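[1] my questions concern the predicted model and sequence given below.
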Amino acid sequence: MPRTATDTARRRGGSGRDLLKALPWIGPSLLLIAGVVLYPAVLMIINSTREISQTGKDRGSAGLDNYEALFDLPALPGVLLRTVLWVSVVVVVTIVLSMALANLLNKAFPGRQFVRLAVIVPWAASVVMTTTVIYYGLEPGYGIVQQFLHDIGLLDSPDFGFTKSMPSAFLVAIGIAIFVSLPFTTYTLLAGLQSVSPELLEAARIDGASPRVTYFRIVLPHLRPALAVATIINIINVYNNFPILSVVTGALPGYDADTTTTLMFKVLQDMRDSGMASALAVLNLVIVIAVIAVYVRIVKPLKAVDE
């Protein structure tokens, strides 16, 4: 039976009343989102179109001058390329290693609970502390990691400067980022694996499906939501990661080791140009949203498993 205009109006009125009833409960959350997320984002966009002095005084509209100055930076193409490498390598390797770890931790073996707890350690520890420990362990001359690699014959001298030049410093930062990203990703995928119905796996076994077919045709499709969450969170975290790169590559001269996040800090600190820094922040936001939108469009994490 087709809906009439009266039915449509009644439904809309009911939805409006339901929203008003729920407002006292969701109101504080909406205010928090507006204050913590929306206001800084709007202010960032506004500042990117303003001429702001080194002392923070707003001198008026700058139009798109900050964006033009940003795209005129000679270092920007290299920075964008390193950003792509930084995010893609860390996220892909993290997902692959976490998938292997999650499958291991999903099986029963002696000491499994201890191993599960051990996996949490990099996540529980401070990222800056972890990065600093590894950084000084690789210091030429006295770093314990340097000395160990020299003692086992992998290095001719304990004075090799892993963190003193490119590309080795960048590779060290990538390794640390993967290490600290593993716990969250592993536990997210482990939760997805444990949500797969044992009855479904048993039915596949009875029907004669091989372990390989069962994994790729049943387990992986059911992991799609968990994989999507892990991937999206990792893209955001890695793209905006500042502490690791700041500790490992921050002392290197110039912009040869920068991503867009560290470049934004240098523009603000060295050039004292908060307008250009805001323009770069807007560019970062646009890139992250675009990447996530493309990923969701391709992967379709909410698509039904049986489709």
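    Done, it's in. Just so it is clear, the model here is predicted, and its values are computed rather than measured.

[2] average model confidence for whichever strand or helix holds residue 171?
    If you go by DSSP states H and E, residue 171 is part of helix 168-194. If you average the pLDDT over helix 168-194, you get 92.

[3] repeat for stretch 69-84
    Rounded mean pLDDT across stretch 69-84 is 89.

[4] what helix or strand does residue 142 sit in?
    Per DSSP H and E, there is no helix or strand for residue 142.

[5] against residue 150, how distant is it?
    Between residue 142 and residue 150 the computed distance is 12 Å (CB to CB, to the nearest Å). Heads up, the C-betas are built off the backbone N, CA and C, glycines and all.

[6] over to residue 166?
    22 Å.

[7] pLDDT weak spots in the stretch 1-150 of the chain?
    Along the stretch 1-150 of the chain, the parts satisfying pLDDT under 70 run over 1-16.

[8] the more surrounded of residue 166 and residue 150?
    residue 150 (16 against 13; other CB atoms under 10 Å).

[9] verify the stated contact: that one with residue 144.
    No - proximity of residue 150 to residue 144 does not meet the contact threshold set by CB atoms under 8 Å, at 10.7 Å.

[10] the helices in the stretch 201-307 of the chain, which residues?
    211-214, 220-222, 224-239, 243-249, 260-270, 274-299 (DSSP state H, counting those that start in this stretch).

[11] domain assignment for the protein?
    Split into domains by automatic domain parsing, the chain comes to 5-35, 77-257.

[12] quick one, which of those gets closest to residue 279.
    domain 77-257 (13.7 Å; CB to CB).

[13] now that closest one, how far from the chain's geometric center?
    12 Å (CA atoms, centre = their mean, to the nearest Å).

[14] going forward can the numbers begin at 4, since that is how I track them
    In the new count, where the first residue is 4, that last one comes out as domain 80-260.

[15] what distance separates the start and the end of it?
    12 Å (CA to CA, to the nearest Å).

[16] please apply the same query to stretch 193-201.
    Using CA to CA, first and last residues of stretch 193-201 are 14 Å apart.

[17] what lies in contact with it?
    Residues outside stretch 193-201 that contact it (CB atoms under 8 Å, 6 or more residues apart in numbering): 105, 106, 108, 109, 221, 222, 225, 226, 228, 229, 230.

[18] list the buried residues of it.
    193, 195, 196, 199 (16 or more other CB atoms under 10 Å).

[19] who are the packing partners of the helix or strand where residue 101 lies?
    For residue 101, the enclosing helix or strand under DSSP H and E is helix 79-108. Applying 3 or more CB pairs under 8 Å, 6 or more residues apart in numbering; DSSP states H and E, one finds that helix 79-108 makes contact with helix 115-127, helix 171-197, helix 227-242, helix 263-273.

[20] what's the closest of those to residue 64?
    Between the helices and strands packed on helix 79-108, helix 263-273 lies closest to residue 64; by CB to CB that is 19.8 Å.

[21] buried residues of the closest one, list them for me.
    263, 264, 265, 266, 267, 268, 269, 270, 271.

[22] need the contact partners of it.
    So helix 263-273 is contacted by 78-79, 82-83, 86, 242-245, 248-249, 252-253, 258, 261, 276-277, 279-280, 283-284, 286-287, 290 (CB under 8 Å, 6+ apart).

[23] just the domains of the chain: most buried one?
    Of those, the one with the most neighbours on average (mean count of other CB atoms under 10 Å) is domain 80-260, at a mean of 16.

[24] can you tell me the number of residues neighbouring residue 295?
    Neighbours of residue 295 under the rule other CB under 10 Å: 16.

[25] residue 30 versus that one, what's the distance?
    In terms of CB to CB, residue 295 sits 28 Å off from residue 30.

[26] what's the answer for residue 107, then?
    Separation of residue 107 from residue 30 (CB to CB): 45 Å.

[27] also residue 71?
    42 Å.

[28] which one of the helices of the stretch 204-310 of the chain lies nearest to residue 122?
    The nearest among the helices of the stretch 204-310 of the chain, by CB to CB, is helix 227-242 at 14.2 Å.

[29] which outside residues touch the closest one?
    86, 89-90, 93-94, 97-98, 101, 180, 184, 187-188, 191-192, 194-196, 198, 262, 264, 287, 290-291, 294-295, 298-299, 302-306, 308.

[30] could you dump that helix to PDB, C-alpha only?
    Provided in PDB are the C-alpha atoms of helix 227-242 (Å, rounded to 0.1, in the frame of the first residue of the first chain):
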ATOM      1  CA  ARG A 227      36.400  -7.900   6.600                       C
ATOM      2  CA  PRO A 228      34.900  -5.500   9.300                       C
ATOM      3  CA  ALA A 229      37.900  -6.100  11.700                       C
ATOM      4  CA  LEU A 230      40.400  -5.700   8.900                       C
ATOM      5  CA  ALA A 231      38.700  -2.400   7.800                       C
ATOM      6  CA  VAL A 232      38.800  -1.000  11.400                       C
ATOM      7  CA  ALA A 233      42.400  -2.000  11.800                       C
ATOM      8  CA  THR A 234      43.400  -0.600   8.500                       C
ATOM      9  CA  ILE A 235      41.600   2.700   8.900                       C
ATOM     10  CA  ILE A 236      42.800   3.300  12.400                       C
ATOM     11  CA  ASN A 237      46.400   2.500  11.400                       C
ATOM     12  CA  ILE A 238      46.200   4.800   8.400                       C
ATOM     13  CA  ILE A 239      45.100   7.700  10.600                       C
ATOM     14  CA  ASN A 240      47.600   6.900  13.400                       C
ATOM     15  CA  VAL A 241      50.600   6.400  11.100                       C
ATOM     16  CA  TYR A 242      49.900   9.300   8.800                       C
END
